[in-house]
Every structure is written in C-alpha cells, then in structure tokens.
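Asker: Sequence first, then the predicted structure, then my questions.
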Amino acid sequence: MDQALGLRNKESASMDPLASRPLAYPGTVPVRVIAVSSGKGGVGKSSVVVNLAVALDRVGKRVLIMDADLGLANIDVLLGLTPKYNIGHVLDGSRDIGQVLVNGPGRIKVLSATSGVQELTRLSDEQKLLLLDVMDDLQSEVDVVLIDNGAGISDSVLYFSLAAQEKIVVVTPEPTSLTDAYAFIKVLHLRHGERHFKILINSVKDERAGRAVFAKISRVAEHFLDGLALSYLGAIPFDYSLHKAVMQQRSLLEAFPSAAASKAFTVLAEVLEKEQPQTNFGNINFFWKRLLQI
Ligand SMILES: Nc1ncnc2c1ncn2[C@@H]1O[C@H](COP(=O)(O)OP(=O)(O)O)[C@@H](O)[C@H]1O
Ligand SMILES: [Mg+2]
C-alpha cells in the first residue's frame, strides 16, 4: 500500500509525461480543493459536503462536489439527482465531462466519481493527460471542489485526501469516531508527512461541547504525533431537521433554512471563506496533477 500511495521518487518523476505541464496558469483564479473525511462511517461526511456546498454557493462560490465514496455513494440520493454517468465514462472516452456533471442546487455541479474511483487510482499515461485536459475546461467554472470521501483508511480514501490541499476531518463525540479519526490522521501523518487537518465536530449539543471534543482529539494527536497541527473548524449541532431534509432528498439549507444546523453550516462557509487563500497552490490542475502522481 505504501508503494501505491507513496509519492514518486525524483528519478521516476523526471520520466513523468505530466511533468512538463505547467502547475498554474497566470491570471487564473486559484481553486480550493477540500477533502472531507472521517475515519468512521456514518458521522456526517456526506451531510457536511452537501450543506457546506449550498452554504458556499450562497456566499458566491461555484462549487463542484466530487462523490468519491466508492462503497456508499449517496450525494445524488441526498440531493434527489440521478446521474447517468461517472468519471469512468470520461476516461473510457464514451462521454465528455459536460455529460457527466449533474446540476445540483444553485450553481453546484456534482461529479459522480464513485464507480470510476478505482479507475482513477490506476490510470494509463494517456488517460492522465486526457483527465488534465478535461480539468482545464472546468478551471474557469469552479472556485471550490468538495470531495466526499469514503470511510476508513483504504487506498482510495488516502489517495483523495493526499491530493486535496485542505483536509477536513469530521468527528462526532462517540469514542469510536474519535479513535477512527485519530487512526486516519495518524496514517496520513506518519506515512505521508501530512501536518494540517481541520477538525469539524458534528452532532453535538452546542459549541462548548464541540470544543470539548476537539480538545480531546487534539490533546492525544498532538501528544503522540510530532509536528501535527490540528485546527478547530467549528461544530454542527445535532439537529433532527437534517434527518427530515434527507427524507425529502433536499439539502438542509433549502428545506429548513432556519434550523440550528443550517445556521452552523452558514457560519462554517463564512469561516472557510475568510481564510487566507493558499498561495502555494495553483489551480484545479494542480489538484489533478497531484492526484495523478500519487
Ligand atoms: N448534525 C446532525 N444532526 C442529526 N443527524 C445527522 C447530523 N449529521 C448527520 N446526521 C445523520 O446521520 C446519518 C449519516 O450521515 P452521513 O452524512 O450519511 O454520514 P457519512 O457520509 O459520514 O457516512 C444521516 O442519516 C444524517 O441525516
Ligand atoms: Mg457518506
């Protein structure tokens, strides 16, 4: 697995057909790529992705959701969409990206990567170049890519987390969620040198409870893992309206705009929006280039 996930060494990088492609194009707006992961399943990753996407859309960001959960793909179900195709169809040349992307609420676009996820982890050089060309076209249409990652620490989950510039880890107060999130962070830190993780606490009573859960995980992680920097991103309250919105196959922000969790997602989008844009990353191609080289 290490080999599959380890970045290429210098020698093989020089043979890389992608190496000559520019990392960023002058004048293009940087695209933020954020992977939402958790360790444990069922903690709210997909709910966070869907509602954060809507909240970001409302502050003027053009969001692309990538459903990268191979096992339990459900962005389409949560938003009442019916994508016919996935990234695998782009790779085999049977569809172009315009046919694969589905329109979500607002200006949100959804890319179903699910059935194509495994293909993404083992592409031929020609397919890699094809994918980069495809992403060139998307560059001018997207500000933020949100990746809904699968649970666990499988190769494909680590693969998408490594490729994203920003890593949100969703944690609930359950002890199993904490231990699984810790295991996830540990693998990315020890094997791949990742240091920065944004911790989002979900399903808590209030902000204070969120901070207490964050204190627990950061105490352990920063004690046992050298050089780690966990930041507290915020807390989403437990809110039964989320369940009701899922039943309606709509985002919470659309179905119940005044629900407590809707307000928390709006605050979350504002917090992310206020953060300094990362200057060391170029455009959407940078993400794909990283992804393809892992
Ligand atoms: N803050 C919350 N309040 C109430 N229910 C929640 C909350 N977050 C998630 N849920 C519920 O938990 C279940 C699992 O959420 P989901 O987003 O599918 O998790 P994951 O993608 O991590 O597997 C869903 O039924 C969802 O409605
Ligand atoms: Mg999910």
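Answerer: Okay, I see it. Numbering: from 1, shown residues only. Ligands and ions are numbered 1, 2, ... in the order given.

Asker: For the residue of the stretch 151-294 of the chain found nearest ligand 2, which residues are in contact?
Answerer: Minimum separation of the stretch 151-294 of the chain from ligand 2 (CB to the ion) falls at Ala151, amounting to 7.4 Å. Just so you know, the C-beta spots here come from the backbone N, C-alpha and C atoms, and that holds for glycine as well. Residues in contact with Ala151, defined by CB atoms under 8 Å, 6 or more residues apart in numbering, are Ser38, Gly39, Lys40, Gly41, Gly42, Lys45, Asp69, Gly71, Leu72, Val157, Asp180.

Asker: For the stretch 1-150 of the chain, which residues are neighbours of ligand 2?
Answerer: Lys45, Ser46 (CB under 5 Å from the ion).

Asker: Recalculate using a threshold of 6 Å.
Answerer: Residues of the stretch 1-150 of the chain lying close to ligand 2 (CB under 6 Å from the ion) are Lys45, Ser46, Asp69, Leu72, Asn74, Asp148.

Asker: Make TSV out of these and add pLDDT and secondary structure.
Answerer: Shown next, in TSV, are these (pLDDT from 0 to 100; DSSP: H, G, I helix; E, B strand; the rest coil):
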residue	pLDDT	secondary structure
Lys45	97	helix
Ser46	97	helix
Asp69	89	coil
Leu72	83	coil
Asn74	92	coil
Asp148	95	strand
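
Asker: Separate out the buried members of those residues.
Answerer: For these, a burial check counting by 16 or more other CB atoms under 10 Å picks out Lys45, Ser46, Asp69, Asp148.

Asker: Out of those residues, which is nearest to Pro173?
Answerer: Lowest distance from Pro173 to these (CB to CB) belongs to Lys45, with 16.0 Å.

Asker: Surely that closest one is in contact with Ser38?
Answerer: Yes - under the criterion of CB atoms under 8 Å, Lys45 makes contact with Ser38 at 5.2 Å.

Asker: Now do the shared contacts for those two.
Answerer: Common neighbours of Lys45 and Ser38 (criterion: CB under 8 Å, 6+ apart): Asn149, Ala151, Val170.

Asker: Show me those that map onto helices.
Answerer: Of the shared contacts of Lys45 and Ser38, none are assigned to helices by DSSP state H.

Asker: which one of those residues sits closest to Gln139?
Answerer: Out of these, the member with the shortest distance to Gln139 (by CB to CB) is Asn149, at 22.5 Å.

Asker: State the pLDDT value of the closest residue to that closest one other than its chain neighbours.
Answerer: Distances taken as CB to CB, 6 or more residues apart in numbering place Ser37 nearest to Asn149, at 4.2 Å, with adjacent residues excluded. If you check Ser37, the pLDDT there is 97.

Asker: Pull the contacting residues for the closest residue to ligand 2 within the chain.
Answerer: Residue of the chain nearest ligand 2, by CB to the ion: Ser46 (3.3 Å). By CB under 8 Å, 6+ apart, the contact set of Ser46 is Asp69, Asn74, Ile75, Leu78, Asp148.

Asker: Likewise for Ile199?
Answerer: Ile199 touches Ile168, Val169, Val171, Ala181, Phe214, Ile217, Ser218, Leu230, Ser231, Tyr232, Leu233, counting by CB under 8 Å, 6+ apart.

Asker: in stretch 61-74, what's buried?
Answerer: Within stretch 61-74, the residues that count as buried by 16+ other CB under 10 Å are Lys61, Arg62, Val63, Leu64, Ile65, Met66, Asp67, Ala68, Asp69, Leu70, Ala73.

Asker: Just the element for the last one, please.
Answerer: Element membership for Ala73 (DSSP states H and E) is empty, with no helix or strand holding it.

Asker: Now do the strands in the stretch 101-250 of the chain.
Answerer: All strands of the stretch 101-250 of the chain, identified by DSSP state E, counting those that start in this stretch, fall at 102-103, 109-112, 144-148, 166-171, 196-204, 229-237.
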